[in-house]
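>>> Structural data only, the sequence is not supplied:
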């Protein structure tokens with residue numbers, strides 16, 4: 001089902017409707033949630049009214065912030081975030097579940113709003129194929145279409161990462177923060193689970209849900225300006 005069809009099915013004209021496309025595990029038992037705004041077709045990142053992310057035990061385990069869900073969100077008072085995240089952040093005061101897209105509907109909506117050009121994912125602002133500078137005027141969420149067969153999964157310094165090449169054969173190595181993969185318990189198990197998901201897709205086109213982490217100063221490296229590193233928020237495989 002296309003994004004237009006989902007909009008026609010779920011829009012109520014009263015609240016903001018989003019299709020959850022990714023949930024990522026954060027520190028402190030929190031998850032970051034992002035999805036497609038059914039009205040605009042743009043990626044958005046809902047935050048709680050105080051600007052915080054969502055408690056995994058409450059919002060994921062109780063069935064709200066789950067990939068494929070269509071949520072109805074009532075807006076809270078807005079506070080502007082720093083760029084690039086200001087492109088998608090918004091605060092909400094109430095969350096409801098309108099329904100759920102099946103695997104085919106989720107994949108179609110993600111595929112038709114993604115790109116096959118890695119350079120355009122973050123509006124040309126990606127540096128060294130790894131990060132953007134803080135306050136870059138670009139989006140911080142988007143989807144990349146790529147053949148599943150072209151993606152390698154590995155564990156690097158105890159962290160799961162995916163690797164793939166662009167059309168100029170440059171390598172991209174992207175850490176995985178996807179909740180589904182991280183919930184397996186340890187990096188080796190997560191690597192195996194994600195590899196099996198990609199293998200099940202064969203040579204089909206999958207959608208990598210890419211995002212930028214919040215600005216980081218590099219610790220002892222004292223980055224100036226701070227950097228927002230690219231990460232893999234999710235993988236959408238054809239149903």
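Alright, I've got the coordinates. From a predicted model like this one, the values you see are computed outputs, not experimental measurements. Numbers count the residues shown, from 1 in each chain.
>>> Now stretch 20-39: buried residues?
Going by neighbour count (16 or more other Cβ atoms under 10 Å), the buried part of stretch 20-39 is 20-26, 30-38. To be clear about C-beta, it is placed using only N, CA and C from the backbone, and glycine gets the same treatment.
>>> Nearest to residue 128 among those?
residue 24 (22.1 Å; Cβ to Cβ).
>>> check contacts around that closest one.
Neighbour list for residue 24: 31-32, 177-179, 211, 231, 233-234 [criterion: Cβ atoms under 8 Å, 6 or more residues apart in numbering].
>>> mean confidence score for the lengthiest helix in the chain?
Looking across the chain with DSSP state H, the single longest helix is helix 187-200. Taken as a whole, helix 187-200 has an average pLDDT of 98.
>>> ok now that helix, how far from the chain's centre?
18 Å (Cα atoms, centre = their mean, to the nearest Å).
>>> and if you look at stretch 141-159?
13 Å.
>>> repeat for stretch 4-12
22 Å.
>>> that older thread, quick check: next helix or strand after the longest helix of the chain?
The helix or strand immediately downstream of helix 187-200 is strand 205-212, counting by DSSP states H and E.
>>> just the angle between that following strand and helix 187-200, please?
On the basis of axes from the mean of the first three to the mean of the last three Cα atoms, to 10 degrees, strand 205-212 is oriented at 140 degrees to helix 187-200.
>>> pLDDT of the helix or strand following strand 205-212, averaged?
Per DSSP H and E, the first helix or strand lying C-terminal to strand 205-212 is strand 227-236. The predicted model assigns strand 227-236 a mean pLDDT of 98.
>>> Residue 56 and residue 25 touch, don't they?
Yes. In terms of Cβ atoms under 8 Å, residue 56 counts as a neighbour of residue 25; the distance is 7.2 Å.
>>> any shared contact partners between those two?
Counting by Cβ under 8 Å, 6+ apart, the residues touching both residue 56 and residue 25 are 31, 179.
>>> which sections of the chain are below the confidence cut-off?
1 (pLDDT under 70).
>>> Mark out where each domain of it begins and ends.
3-104, 116-236 (automatic domain parsing).
>>> Off-centre distance for the longest one?
So the one you mean is domain 116-236. 10 Å.
>>> Next, the distance between the ends of it.
One end of domain 116-236 to the other measures 14 Å (Cα to Cα, to the nearest Å).
>>> in stretch 117-128, what counts as buried?
Buried-residue list, stretch 117-128, by 16+ other Cβ under 10 Å: 118, 121-123, 125-126.
>>> ok, these vs residue 51, which is closest?
Of all those, residue 51 sits closest to residue 122, with 22.6 Å by Cβ to Cβ.
>>> For that closest one, which non-adjacent residue is spatially closest?
residue 138 (4.9 Å; Cβ to Cβ, 6 or more residues apart in numbering).
>>> could you say which helix or strand contains residue 144?
strand 141-147.
>>> With residue 10 as the reference, measure out to residue 148.
Between residue 148 and residue 10 the computed distance is 29 Å (Cβ to Cβ, to the nearest Å).
>>> Equivalent analysis for residue 82, please.
31 Å.
>>> One more: residue 239?
Counting by Cβ to Cβ - residue 239 and residue 10 are separated by 19 Å.
>>> Helices of the chain, start to end?
Counting by DSSP H, the helices of the chain are 3-10, 103-112, 118-121, 179-182, 187-200.
>>> Would you format the ones you listed as CSV with distance to residue 221 included?
As requested, those are exported to CSV (distance: least, Cβ to Cβ, whole Å):
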stretch, distance to residue 221
helix 3-10, 41
helix 103-112, 35
helix 118-121, 25
helix 179-182, 25
helix 187-200, 24
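>>> Minimum distance to residue 167: which of the ones you listed has it?
Once those are compared by Cβ to Cβ, helix 118-121 is nearest, at 8.3 Å.
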